[in-house]
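Peer 1: Predicted model and sequence below, questions to follow.
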Amino acid sequence: MRWLLLCGVVAFACCGQIMTAEWSKDRNGSYPDYSHQTKGCEQGRALIRKTVIEGEFEALL
Ligand SMILES: [Zn+2]
């Protein structure tokens with residue numbers, strides 16, 4: 001799963017749709033997940049943890 005940083009927002013590389021954040025909860029607290037639902041997208045409903053994205057971006061800097 002790849003994604004793109006476009007004009008200050010994060011978009012999915014698979015179809016270019018802007019990511020939307022959803023708040024999820026577990027026993028450790030709440031945290032945002034980025035997800036999308038694009039009809040016909042090969043990735044289907046993808047979920048990416050914000051921490052995963054931030055880790056990737058740090059690696060790119
Ligand atoms: Zn997609």
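Peer 2: Yep, it's here.
Peer 1: Low-confidence stretches in this structure?
Peer 2: Residues of the chain that meet the criterion pLDDT under 70 lie in 1-8, 44-47, 50-53, 57, 60-61.
Peer 1: Flag every residue of it that's near the ion.
Peer 2: If contact is defined as CB under 5 Å from the ion, the residues of the chain in contact with the ion are Phe12, Cys14, Cys15, Thr38, Cys41, Gln43. C-beta here means a position set from N, CA and C on the backbone, and glycine is covered the same way.
Peer 1: is it fair to say the last one lies in a strand?
Peer 2: Right, Gln43. No. With the criterion set as DSSP: H, G, I helix; E, B strand; the rest coil, the secondary structure at Gln43 is coil rather than a strand.
Peer 1: how about it, what does it touch?
Peer 2: By CB atoms under 8 Å, 6 or more residues apart in numbering, Gln43 lies in contact with Met1, Phe12, Cys14, Cys15, His36.
Peer 1: Enumerate the beta-bridge partners assigned to Ser24.
Peer 2: Tyr31 (DSSP bridges).
Peer 1: can you pull the contacts of it?
Peer 2: The neighbourhood of Ser24, defined by CB under 8 Å, 6+ apart, consists of Ser30, Tyr31, Pro32, Asp33.
Peer 1: hang on, the last one packs against Ile48?
Peer 2: Right, the one you point to is Asp33. Yes. Between Asp33 and Ile48 there is a contact at 6.8 Å, judged by CB atoms under 8 Å.
Peer 1: Pro32 against Met19, yeah?
Peer 2: No. Contact status for Pro32 versus Met19: not in contact, 9.9 Å apart, counting by CB under 8 Å.
Peer 1: ok, those two, which is more surrounded?
Peer 2: More neighbours sit around Met19 than around the other of Pro32 and Met19, counting by other CB atoms under 10 Å; the figures are 20 against 16.
Peer 1: residues of stretch 29-38 that come out buried?
Peer 2: The neighbour-count check on stretch 29-38 (16 or more other CB atoms under 10 Å) flags Pro32, Asp33, Tyr34, His36 as buried.
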